[in-house]
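please work out how this folds:
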Amino acid sequence: MVAKIDIEVRADGYFNASRICKSSGKQWNHFVDVQSHQDHLAELSMRLDLPISAADNHRGLISTKRGAKGGIWIHSELVPRLKQWCSQKRKQTSSGYVYAVTSDVLDAVKIGLWSGSLDNLRTRYLTPYGPTLTFETAFVDDCVRAEAALHKQFWQQNLGGELFHKASLQAYKEAILGMDK
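Numbers count the residues shown, from 1 in each chain. Modelled structure (predicted):
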């Protein structure tokens with residue numbers, strides 16, 4: 001069964017993201033916390049030559065408006081992705097590992113999530129990163145949310161996707177250790 005999604009459009013063509021999210025029982029901030037959505041916003045911002053975020057009547061992919069017709073309003077290019085996300089059934093939380101991995105041959109740190117065994121995780125990176133792997137892991141109740149929190153916490157060190165500056169490796173390790181149950 002497909003859920004009905006309530007859509008409101010302003011005269012300038014911007015869509016009410018707050019209402020779209022509310023009609024599906026989701027929250028806008030959870031949408032923008034997803035790394036793939038952040039990457040999509042960055043790509044659209046460059047392609048359309050618009051800032052990602054703007055206040056009131058200024059043009060941006062996301063416009064925050066105060067007052068009677070307030071809320072989060074989004075550019076039409078974002079609507080299909082938001083509708084698809086809102087239509088997805090809410091996943092049960094998934095326990096698993098959050099991790100940071102690097103090696104002598106990688107000049108970055110990958111921060112990710114894993115729901116399999118730690119042996120399989122190590123095997124996954126052994127070939128591309130070489131035998132000198134450095135890992136930090138924590139088992140958490142909701143690895144998706146934990147990974148998103150780490151990416152958000154260290155956004156300034158982000159090199160793109162799940163890769164982060166190696167100079168902050170100790171900070172990543174400490175943050176991950178702080179999540180361990």
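
number of residues surrounding residue 38?
Other residues within reach of residue 38, judged by other C-beta atoms under 10 Å, total 19. Quick note: C-beta positions are derived from backbone N, CA and C, even for glycine.

isn't it right next to residue 32, touching?
Yes - the criterion here is C-beta atoms under 8 Å, and residue 38 meets it with residue 32 at 6.8 Å.

please enumerate the strands of this structure.
Read by DSSP state E, the chain holds these strands, from start to end of the chain: 15-16, 53-55, 62-65, 71-74, 96-103, 106-114, 134-140, 158-160, 163-164.

parallel or antiparallel, which strands does the last one pair with?
Yep, that's strand 163-164 we're talking about. For strand 163-164, the paired strands and their directions (DSSP bridges) are strand 106-114 (antiparallel), strand 158-160 (antiparallel).

which residues are in contact with the first one?
Just to be clear, that refers to strand 106-114. Contacts to strand 106-114, defined as C-beta atoms under 8 Å, 6 or more residues apart in numbering, come from residues 96-102, 120-121, 125, 129, 137, 143-144, 146-147, 150-151, 154, 159, 162-166, 168-169, 172.

pull the longest helix from this structure.
Ranked by residue count, the top helix of the chain under DSSP state H comes out as helix 35-48.

residues touching it, excluding its own?
By C-beta under 8 Å, 6+ apart, the surrounding residues in contact with helix 35-48 are 31-32, 50-52, 61-62, 75, 77-78, 81, 85, 148, 151, 161-162.

same thing with stretch 54-70?
Against stretch 54-70 from outside (C-beta under 8 Å, 6+ apart): 10, 14, 17, 32, 41, 44-45, 48, 50-53, 71-75, 77-78.

looking at that stretch now, give me its mean pLDDT.
The pLDDT scores in stretch 54-70 average 76.

now residue 127: how far from residue 105?
Here residue 127 is placed at a distance of 11 Å from residue 105 (C-beta to C-beta, to the nearest Å).
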